[in-house]
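Asks: sequence isn't available, so here's the structure alone:
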């Protein structure tokens, strides 16, 4: 954000007293607007296909460069619970149906993208039909997936450990 949404004045880095002490943030010198730049909640699913021998579904986003396969993710919508949001994302992106309730795996920060990852294990079943947002998918046994060190990779590693396996890690 470069300009104040209230008065269109260019924002500036201004130090101001807040709860807990002085804090430098982008603020409007004309009207006092503060751009908080708080992390965005992102929902993630470790999708376990119960009708495919418990294999995990990893998908490649069509917009990503290379052939990285990750978890099903999406932004939480206003007015929905995280559980409802991850089930919505599952249906929108894969057409899979839940085979049980989502179970919270944990919450991780992903500072590179200024996001807060809220990750669930979602048992699912049914035909897989990818949305245009996803280019391809693969199914892997939990002990065969390779985890990545940041964000959703930590959620995947947590799930793999919960199944009694030590996670394998990607060389980045």
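Replies: Here it is on my side, so go on. Since this is a predicted model, take the numbers as computed values, not measurements.
Asks: now the helices for this structure?
Replies: Taking DSSP state H, the helices of the chain run over residues 82-94, 152-162.
Asks: so what touches the last one?
Replies: I take that to be helix 152-162. Residues from elsewhere that reach helix 152-162 (Cβ atoms under 8 Å, 6 or more residues apart in numbering): 44, 46, 48, 56, 70-71, 73, 105-106, 108, 110, 117, 119, 121, 142-143, 145, 147-148, 166-167, 169-170. For the C-beta atoms, the positions are set from N, CA and C on the backbone; glycine is no exception.
Asks: that older thread, got CSV for the helices of the chain, with distance to residue 21 and mean pLDDT too?
Replies: Listed next are these as CSV, based on distance: least, Cβ to Cβ, whole Å; pLDDT from 0 to 100:
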stretch, distance to residue 21, mean pLDDT
helix 82-94, 31, 98
helix 152-162, 30, 97
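Asks: now the ones you listed as a markdown table including mean neighbour count?
Replies: Formatted as a markdown table, the helices of the chain follow (neighbours: other Cβ atoms under 10 Å):
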| stretch | mean neighbour count |
| --- | --- |
| helix 82-94 | 19 |
| helix 152-162 | 21 |
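Asks: any low-confidence regions in this protein?
Replies: Within the chain, the set of residues satisfying pLDDT under 70 comprises 172.
Asks: would you map the strands across it?
Replies: Ranges of strands within the chain are 12-18, 21-27, 34-35, 40-49, 55-61, 72-75, 97-98, 103-110, 115-125, 134-140, 146-147, 168-169, based on DSSP state E.
Asks: wait, which of those strands is closest to residue 5?
Replies: Distance to residue 5, taken as Cβ to Cβ, is lowest for strand 34-35 among those, at 8.6 Å.
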